[in-house]
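> Need coordinates for the following:
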Amino acid sequence: MEKELFEMIVRYITKCETKTKKVMGIVYSTKTTKKKTNLSDEFEATGSSPKRRKGNDKNEIMDSLNYLKSKKIKTKKDKESINMLEMILKNM
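A predicted model of the protein is given here:
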């Protein structure tokens with residue numbers, strides 16, 4: 001009874017049978033969706049913290065800097081990013 005009432009309401013709102021069928025398929029689908037987990041929840045549950053390799057940050061910055069420098073056409077934002085990354089590397 002509830003399903004038929006809901007279908008009537010959706011049909012009245014959408015005024016289109018195909019849209020009503022799509023909505024009913026979404027609402028009453030039997031497929032299960034994979035729930036995304038939050039990483040912080042996982043770490044709280046296990047009691048551990050994420051492991052990071054030493055030097056990973058520096059390598060990541062170097063890779064970004066090399067990519068920006070290798071671009072043929074640099075925008076104003078690219079140039080600002082290059083300067084910022086160079087300053088970060090100097091201070092490391």
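
> Would you map out the domains in this structure?
Following automatic domain parsing, one gets these domains for the chain: 1-31, 56-91.

> Go through those domains and find the least confident stretch.
Ranked by mean pLDDT, those bottom out at domain 1-31, with a mean of 84.

> Over to residue 64. Which of the three states is it?
helix (DSSP: H, G, I helix; E, B strand; the rest coil).

> Please apply the same query to residue 29.
Criterion first, three-state DSSP; result for residue 29: coil.

> Quick check: it vs residue 77, distance?
In this structure, residue 29 lies at 43 Å from residue 77, with C-beta to C-beta, to the nearest Å as the measure. Every C-beta, even on glycine, is put in place using the N, C-alpha and C of the backbone.

> Flag every buried residue along stretch 62-74.
65, 68 (16 or more other C-beta atoms under 10 Å).

> got the CA coordinates for that stretch in CSV?
C-alpha atoms of stretch 62-74 as CSV (Å, rounded to 0.1, in the frame of the first residue of the first chain):
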residue,chain,number,x,y,z
MET,A,62,59.8,17.9,-6.2
ASP,A,63,57.5,16.0,-8.5
SER,A,64,55.0,18.8,-8.5
LEU,A,65,57.7,21.4,-9.1
ASN,A,66,59.2,19.4,-12.0
TYR,A,67,55.8,19.0,-13.6
LEU,A,68,55.0,22.8,-13.4
LYS,A,69,58.5,23.7,-14.7
SER,A,70,58.1,21.3,-17.6
LYS,A,71,54.9,22.8,-18.9
LYS,A,72,55.3,24.7,-22.1
ILE,A,73,52.7,27.3,-21.4
LYS,A,74,52.6,28.5,-17.8
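
> starting at the chain centroid, how far to that stretch?
Centre-to-centre, stretch 62-74 and its host chain are 24 Å apart (C-alpha atoms, centre = their mean, to the nearest Å).

> Any chance you could list what contacts that stretch?
For stretch 62-74, contacts defined as C-beta atoms under 8 Å, 6 or more residues apart in numbering pick out 78, 81-82, 85-86, 89.

> rerun that using 6 Å as the cut-off
78, 81-82, 85 (C-beta atoms under 6 Å, 6 or more residues apart in numbering).
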